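Visitor: predicted coordinates and the sequence they were generated for:
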Amino acid sequence: MIELKDLSYVRFGTSNLEDAESFATKCLGLQVGEQSGKALYLRSDDRAHTLCYFEGDPAEQTVGFEVEDEGKLNTAAATLDQLGHPVHAGTPSECALRKVKAFIGFKDPTGNHVELVVRPERSGRRYFASRDAGITGFSHVGLFTTDPMRDERFWTQVCNARVSDRIGDIALMRVNAIHHTIALAPGPGPGVHHVNHQVESNDDVLRSYYHLSGQRVPIVFGPGRHPTSGARFLYFRGPDGMVFEYSVGVDEIEDEETHRPRQFGFEPSSLCMWGSKRSW
Ligand SMILES: O=C/C=C/C(C(=O)O)=C(/O)C(=O)O
Ligand SMILES: [Fe+2]
């Protein structure tokens with residue numbers, strides 16, 4: 001079984017790095033860790049980066065997960081290979097671009113580009129952004145799925161994800177105590193559905209609602225509250241149409257042994273308990 005420890009990063013191609021930087025710093029509230037020619041490394045916590053924009057096709061979207069060590073990485077490569085997922089071992093220059101010791105790349109059954117990484121670089125400096133959005137960390141990603149049940153099996157049987165809750169057949173899955181690190185979302189093909197950062201308080205969610213509205217950032221869902229994780233949320237659109245989410249108060253699963261996923265109906269009240277309607 002492939003043991004995912006944590007979410008490490010997302011990497012997005014973009015045709016306009018300047019716009020991406022402006023959004024990431026002035027709207028989203030990330031800190032530029034490094035800008036090196038064709039790539040922009042953005043920080044949201046103690047790590048050297050958790051989001052990288054690079055000059056390229058916006059359809060190039062990758063999610064990186066941390067695994068324990070190189071031994072586990074090699075075992076994961078063998079498992080994936082055996083199951084028929086072609087595996088690419090990161091070259092030294094590709095590792096340098098990702099600020100990791102080693103990584104492998106592969107596609108999940110929908111075709112989402114996933115990387116497993118070892119020893120992602122931390123920064124000696126604390127995260128300090130010029131816009132105070134109240135971000136406390138990079139928390140989860142939504143991944144498109146063309147077959148929710150097949151992909152749930154991949155993430156929970158080949159990898160160590162556990163289902164915390166389901167909305168219809170859509171699984172919210174955890175890899176540690178946090179309610180979910182991976183959310184599957186039905187779609188016509190692969191891609192990142194949304195990127196979540198946690199913020200400190202309800203005030204931060206509402207402050208951002210007004211701030212982003214003032215910056216003419218399209219708000220696509222919220223402010224609202226998810227009945228699943230209990231989190232208060234706001235979703236908005238960034239560069240190349242990518243959706244970002246702030247949320248606060250996401251549940252932790254207290255008892256791994258006894259937790260049973262709850263089943264919610266596939267209907268609006270399962271997405272927001274306050275009545276906010278999703279417009280994407
Ligand atoms: O639409 C359902 C979303 C659920 C949650 C949650 O329970 O927190 C998410 O964050 C999400 O998948 O975006
Ligand atoms: Fe989310």
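Guide: Looks like it arrived, so ask away. Ligands and ions are numbered 1, 2, ... in the order given.

Visitor: going by C-alpha atoms from here, please, whenever you check contacts or count neighbours.
Guide: OK.

Visitor: residues of stretch 45-65 that come out buried?
Guide: With burial defined by 16 or more other CA atoms under 10 Å, the residues of stretch 45-65 counted as buried are 45-54, 58, 61-65.

Visitor: also stretch 123-139?
Guide: Judged by neighbour count using 16+ other CA under 10 Å, the buried positions of stretch 123-139 are 127, 128, 129, 132, 133, 134, 135, 136, 137, 138, 139.

Visitor: which parts of this structure are helices?
Guide: In chain order, the chain shows helices spanning 17-22, 70-82, 92-98, 148-153, 202-214, 268-271, with DSSP state H as the criterion.

Visitor: now mean pLDDT and distance to residue 230 too, for those helices, in JSON lines please.
Guide: Written out in JSON lines, the entries for these read as follows (pLDDT from 0 to 100; distance: least, CA to CA, whole Å):
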{"stretch": "helix 17-22", "mean pLDDT": "97", "distance to residue 230": "30"}
{"stretch": "helix 70-82", "mean pLDDT": "98", "distance to residue 230": "33"}
{"stretch": "helix 92-98", "mean pLDDT": "97", "distance to residue 230": "33"}
{"stretch": "helix 148-153", "mean pLDDT": "98", "distance to residue 230": "22"}
{"stretch": "helix 202-214", "mean pLDDT": "98", "distance to residue 230": "12"}
{"stretch": "helix 268-271", "mean pLDDT": "97", "distance to residue 230": "10"}
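
Visitor: my read: residue 103 touches residue 93, true?
Guide: No. Using CA atoms under 8 Å, residue 103 is not in contact with residue 93; the gap is 11.3 Å.

Visitor: more neighbours, the two?
Guide: In this comparison of residue 103 against residue 93, neighbours counted by other CA atoms under 10 Å, the higher total goes to residue 103 at 27 against 9.

Visitor: and the residue of the stretch 51-200 of the chain found nearest ligand 1, what are its bridge partners?
Guide: Across the stretch 51-200 of the chain, no residue is closer to ligand 1 than residue 183, which sits at 5.0 Å (CA to the nearest ligand atom). Each beta-bridge partner of residue 183 is listed here, defined by DSSP bridges: residue 142, residue 172.

Visitor: now swap in residue 52 and tell me
Guide: Here residue 52 sits in beta bridges with residue 11, residue 41, as judged by DSSP bridges.

Visitor: does it touch residue 11 like I think?
Guide: Yes. Counting by CA under 8 Å, a contact exists between residue 52 and residue 11, whose distance comes to 4.7 Å.

Visitor: what's near enough to touch residue 89?
Guide: Residue 89 makes contacts with 103, 104, 105, as judged by CA atoms under 8 Å, 6 or more residues apart in numbering.

Visitor: rerun at 10 Å
Guide: Taking CA atoms under 10 Å, 6 or more residues apart in numbering as the criterion, residue 89 is in contact with 73, 74, 77, 95, 102, 103, 104, 105, 106, 115, 116.

Visitor: ok, residue 86 next?
Guide: Listed by CA under 10 Å, 6+ apart, the contact partners of residue 86 are 77, 78, 80, 105, 106, 107.

Visitor: name the nearest of those residues relative to residue 226.
Guide: Using CA to CA, the shortest approach to residue 226 within the contacts of residue 86 belongs to residue 107, at 29.2 Å.

Visitor: once you drop chain neighbours, what's closest to that closest one?
Guide: Leaving aside its chain neighbours, residue 107 sits nearest to residue 113 (4.7 Å; criterion: CA to CA, 6 or more residues apart in numbering).

Visitor: ditto for residue 266
Guide: Closest residue to residue 266 apart from its sequence neighbours, by CA to CA, 6+ apart: residue 168 at 4.6 Å.

Visitor: return the residues of the chain in contact with ligand 1.
Guide: With CA under 6 Å from any ligand atom as the criterion, the chain comes near ligand 1 at residues 183, 226, 228, 229, 231, 271.

Visitor: thanks a lot, see you next time.
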